[in-house]
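Trainee: build me a model from this:
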Amino acid sequence: MSSPLAPSRPGMTEPLRLREFRLLLIGFILGQSMMPLQFVTSIAWIQHVAADEVEIIMVGAIGTIRGLGMIGFGLFGGALADRFDRRRLLMVTQTLAFACNIGIAVVMWTGAGGAVEIGIFFLLTIIASSAHAIDGPTRQAITPEILGPRLTPAGIALNSAAMQLAMPFSIFASGLLIDSLGHGTVFAISSFGHLGEVLVLALMSYRTVFSAEHMKSLAERGQGPRQALSDIAAGLRYARSKPVVLWTVLIVVLMMSLIMPPTGTLGPQWVTTVVGATWSEFSFIAVFWGGGAMIASLILVRFSWIERKGLLTAAGVIVMALGFVVFTNPPTTINAMAGNFLLGVGMSIAMVSANSTLAHETPNEMRGRIMGLIFLGMGIAQAVGLPLGALAQWLTMETLFPPLSYAVLAVLAAIIVLRPVILRARVPQHPPEAAAAPSAAVRRVLNGAASRIIRAAPQHAR
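Mentor: From the prediction side, this is the model:
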């Protein structure tokens, strides 16, 4: 009896051979690489128009408003991704994001920072973040469907690498463009990335393929808010039933919720006030986050065949927590750069590895809802911005953040030690014959061609 063939290791660019994934990746770069530019511009505008005594609180409020939109629609977006065609859903969300962000640019152009202008700014921000909350889990659910089990880890890592490749340029350009063009113009320029993504998605032939049983279940349950809530509840029950899914989600959600508010939402405030950098200098400091994330993502693409995704997830969480410690202890330019680098490396490793684990552990019909839990964590991380900003306004950031960083590191390390199921998570390599199975898009083409041949056969016989 011959021994089974060893599983082949996917090359770094192998997922790019598939046209549908290339288009999905290009659209992702166009739409998402501009988001750091939008976020930094929002903070700079609020700092420009807000009174000094509430400046930190108002900056924190930006994150909270964005977070509320993501919390409200994170799970709901996952439920939509498991019910409708995912490509069309992405096109709708990106169109909505484009319209909202153009509106924000108009507010920045015409508004003087009064209560009405700030109210409109926050309203459009929460709508745009809601669209992003639907977009995220939808996109994460598409990648495994297009690539199949063998190439999915490499595809997820390529998604991250592409984002991180574009993000340093976006962050670097933010401070320089704000100083030279103004807030409204910079925000308007960034908005056209969403429109570009819609145009790229329109070129895709991919359509979501659900199982016959899932489609029958959807038809029986119908549409409506009650059915959406039922879908969300089913996703939560599934996560609770699988410890590896539950604790992978929880450790990533906690990482985002505890580290992103002080380093992401209030990070620009820390760098420009406590460290004392200008916005142009901030561009040079912040690029280290994107640079670290890009390097980590490229390494993950190269070694996407590593099965110990749980160990990588835990390592990424700890590295990101260490980045928080370095970022704030003490508040110097060098520490801000080194901390940003570690934050980018850790976040990239943790998110890519966790998403690979969840994609492997979750069936296609449930994948959108499980990925939505990750984006729920991102929403919580954003929402913490306002209370944390209020506390920092009262205690000062330099008093609050350094001890908080050590506490966060201790909490995350304790959870990983006490819940070793996180460390044990694996994404096994699939044998070549299984890995070579055609993707859903390819199967549709083959099935359509076979149907035409069968229909033509009787006519030819006559």
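
Trainee: in what helix or strand does residue 229 lie?
Mentor: helix 225-241 (DSSP states H and E).

Trainee: immediately after that helix, which helix or strand?
Mentor: Next along from helix 225-241, by DSSP H and E: helix 243-260.

Trainee: what angle do that next one and helix 225-241 make?
Mentor: Using axes from the mean of the first three to the mean of the last three Cα atoms, to 10 degrees, the inter-axis angle of helix 243-260 relative to helix 225-241 is 100 degrees.

Trainee: please spell out which residues along helix 243-260 are buried.
Mentor: For helix 243-260, burial by neighbour count (16 or more other Cβ atoms under 10 Å) applies to 244-260. Heads up, the C-betas are built off the backbone N, CA and C, glycines and all.

Trainee: and the following helix or strand past it, average pLDDT?
Mentor: Next along the chain after helix 243-260, taking DSSP H and E as the criterion, comes helix 267-269. Helix 267-269 comes out with an average pLDDT of 82.

Trainee: ok, stretch 14-32 next?
Mentor: 86.

Trainee: can you list contacts of it?
Mentor: Stretch 14-32 is touched from outside by 90, 94, 97, 135, 139, 142-143, 146-147, 151, 154-155, 158-159, 162-163, 165-166, 193-194, 196-198, 200-201, 203-206, 439, 441, with contacts defined as Cβ atoms under 8 Å, 6 or more residues apart in numbering.

Trainee: what of stretch 71-80?
Mentor: 89, 130-131, 133-138, 141, 228, 231-232, 235-236, 368-373, 375-376, 378-380, 383.

Trainee: what do you get for stretch 239-247?
Mentor: 238, 249, 310, 357-358, 361-362, 370, 373, 419, 421-422, 424-425.

Trainee: and residue 33, how far from residue 135?
Mentor: Residue 33 sits 14 Å away from residue 135, going by Cβ to Cβ, to the nearest Å.

Trainee: of those two, who's got more company?
Mentor: Between residue 33 and residue 135, counted using other Cβ atoms under 10 Å, residue 135 has the larger neighbour count: 26 against 22.

Trainee: was I right to think the more buried one contacts residue 91?
Mentor: No. With contacts counted by Cβ atoms under 8 Å, residue 135 stays clear of residue 91, the gap being 10.0 Å.

Trainee: tell me who's in contact with residue 138.
Mentor: Contacts for residue 138 (Cβ under 8 Å, 6+ apart) come out as 77-78, 80-81, 86, 89-90, 93, 368.

Trainee: to what extent is the nearest residue to it once chain neighbours are set aside buried, counted in neighbours?
Mentor: Using Cβ to Cβ, 6 or more residues apart in numbering and skipping the chain neighbours, the partner closest in space to residue 138 is residue 81 (4.1 Å). By other Cβ under 10 Å, the residues close to residue 81 number 27.

Trainee: before we move on, the earlier item: show the buried residues in the contacts of stretch 14-32.
Mentor: The buried subset of those - by 16+ other Cβ under 10 Å - is 90, 94, 97, 135, 139, 142-143, 146-147, 151, 154-155, 158-159, 162-163, 165-166, 193-194, 196-198, 200-201, 204, 206, 439, 441.

Trainee: give me every residue that touches residue 141.
Mentor: With Cβ under 8 Å, 6+ apart, residue 141 has these contacts: 78, 81-82, 86, 364, 367-368, 371.

Trainee: ok, then the element right after the strand or helix carrying it?
Mentor: Using DSSP H and E, residue 141 maps to helix 115-181. The C-terminal neighbour of helix 115-181 among helices and strands, as given by DSSP H and E, is helix 183-201.

Trainee: average pLDDT across that next one?
Mentor: 87.

Trainee: got the contact list for the one residue sitting closest to the centre of the chain?
Mentor: Residue closest to the average C-alpha location in the chain (Cα atoms, centre = their mean): residue 136, at 5.7 Å. The neighbours of residue 136, taking Cβ under 8 Å, 6+ apart as the test, are 74, 77, 371-372, 374-375, 378.

Trainee: at 6 Å instead, please
Mentor: Applying Cβ atoms under 6 Å, 6 or more residues apart in numbering, we find residue 136 in contact with residue 375.

Trainee: you'd agree the residue nearest to residue 138 is up against residue 368?
Mentor: Yes. Using Cβ atoms under 6 Å, residue 81 is in contact with residue 368, at 2.8 Å.
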